[in-house]
Every structure is written in structure tokens, then in C-alpha cells.
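Participant: Sharing a model that was predicted from the sequence below.
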Amino acid sequence: MRLVLASASPSRRMILTSAGVDPVIDPADVDEDAIQASLVDAPPAHVVAALAEAKADAVAPRHPGDVVIGGDSMLLLDGVLQGKPHTPERTVERWRAQAGKTAELLTGHCIIHGDRRVVETARTTVTFAAASEADIAAYAASGEPLACAGAFTLEALGGWFIDRIEGDPSSVIGLSLPLVRRALYDFGLDVSTFWR
């Protein structure tokens with residue numbers, strides 16, 4: 001039995017490898033924009049959970065008998081979900097909007113094993129530093145935050161600009177180890193089964 005990550009996210013992979021697991025990487029190919037468009041009136045936590053579930057559902061049939069994890073993260077800032085900025089210009093705009101503020105990072109998870117599944121969203125409060133314009137520009141130019149929910153990382157350069165988090169740190173990086181552990185226990189599995 002293997003643990004399959006339905007994501008190409010280097011951060012999610014890093015969390016698992018640092019925790020002793022060498023996951024099978026099988027990125028899902030889903031239309032995230034269409035899923036979000038179909039959920040315009042849904043609560044933010046439901047949106048990220050639905051994205052995670054779509055990814056896990058796309059990959060699970062290829063891995064019968066394994067545990068498949070789908071995930072998706074978005075930042076809830078001033079009541080609006082923020083995804084990946086994708087460009088340095090958009091990253092600068094985001095950081096100008098979130099610098100000095102507190103927001104909530106929502107990380108949706110869908111863990112599937114056989115005909116059982118756990119779908120849950122982890123919530124972590126993030127307080128951003130009042131970063132200088134020069135640092136915002138340099139961070140955007142580094143490329144690091146372009147493919148990250150909320151335009152930041154906790155574990156690399158972005159760590160300089162996060163004043164505080166309240167909640168699960170691994171969730172902020174992209175995958176909640178406590179949530180995955182609880183799901184494995186629900187399936188009657190031990191975490192150590194997946195250690196290398």
C-alpha cells in the first residue's frame with residue numbers, strides 16, 4: 001500500500017518526505033476555474049474542499065488499494081478567496097493588500113482509501129508583516145510566491161514576512177499532517193505503515 005499525492009506541489013511533497021514518506025506523485029488534471037465558477041455562492045471552506053475532492057477523485061481510480069490525497073489551499077483575505085498570483089505584478093498587488101493584515105489560510109483535503117473518504121478543510125490564521133515596498137518587489141521577483149496560495153511560503157523566503165500563525169503549520173505549507181493522520185486512523189491504518 002502506498003500514499004499517493006494527487007498534486008505536483010513541491011511543498012506538499014516536501015511535507016511528506018520530511019515526515020518519512022516517499023509519496024507517489026500523480027498530479028490531477030482538473031479544471032479548477034470551472035469548479036470554482038460552479039461554487040460562487042458556496043462558503044470558502046467548501047470551495048477548497050471541493051477542489052481537493054475533485055483532484056483526489058481524478059487520481060484515485062488509477063491507484064486501487066492505495067491511499068490518495070487531494071489538496072487545495074486558498075487565502076481568505078477580507079472575505080475574498082485568493083488563489084495563486086501567477087505573475088510578479090499580481091504578487092506585488094496581493095502583498096500590498098495583505099501586508100500588516102491577518103487572514104485565514106484554508107487548506108482543503110480529500111483522503112480516499114477504497115470506498116472510504118475523509119473531506120475536511122484545515123483553517124490557520126496568518127498574520128502578515130508590514131513588509132517594505134523593496135522587500136515586496138524583491139520577493140515577487142524571486143518567483144517563489146507565484147504558484148503559492150496567498151502569494152507566500154512559510155518554509156522559505158516568505159517566512160521573513162509572516163509575523164504569526166495560529167493553527168497547524170503544516171497546513172500553511174500545503175498539507176495538514178494531523179488531518180491526514182486522523183484520516184488514516186479512521187481507515188484503520190497507522191501512519192508508520194507509510195514510513196520509508
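Facilitator: Alright, I've got the coordinates.
Participant: Quick one: the strands in the chain, in order.
Facilitator: 3-5, 24-25, 67-77, 80-82, 102-113, 116-128, 162-166 (DSSP state E).
Participant: which residues sit against the first one?
Facilitator: The one in question is strand 3-5. Here strand 3-5 makes contact (C-beta atoms under 8 Å, 6 or more residues apart in numbering) with 12-13, 16, 21, 23-26, 59, 63, 66-69, 194. From N, CA and C alone the C-beta is placed, and that goes for glycine too.
Participant: Helices of this protein, residue ranges please.
Facilitator: Assignment of helices within the chain using DSSP state H yields the ranges 10-18, 32-37, 44-59, 88-98, 133-142, 169-173, 177-186.
Participant: Surely A6 is in contact with I69?
Facilitator: Yes: using C-beta atoms under 8 Å, A6 makes contact with I69 at a distance of 6.4 Å.
Participant: Now the common contact residues for those two.
Facilitator: A56.
Participant: and L81, what are its bridge partners?
Facilitator: Listed by DSSP bridges, the beta-bridge partners for L81 are L76.
Participant: What count of nearby residues applies to it?
Facilitator: 16 (other C-beta atoms under 10 Å).
Participant: Spit out the contact partners of it.
Facilitator: 44, 47-48, 74-75, 106.
Participant: For these, which entry has the maximal number of neighbours?
Facilitator: V48 (29 neighbours).
Participant: Any figure for the gap between the residue nearest to R181 when sequence neighbours are not counted and R12?
Facilitator: Once flanking residues are discounted, R181 sits nearest to V191: 5.4 Å by C-beta to C-beta, 6 or more residues apart in numbering. To R12, V191 is 16 Å away according to C-beta to C-beta, to the nearest Å.
Participant: Settle it for me: which of the two has more neighbours?
Facilitator: R12 (22 against 15).
Participant: surely that one meets G174?
Facilitator: Yes: assessed by C-beta under 8 Å, R12 is found in contact with G174 at 4.4 Å.
Participant: what do the two both touch?
Facilitator: Jointly contacting R12 and G174 under the rule C-beta under 8 Å, 6+ apart are G71.
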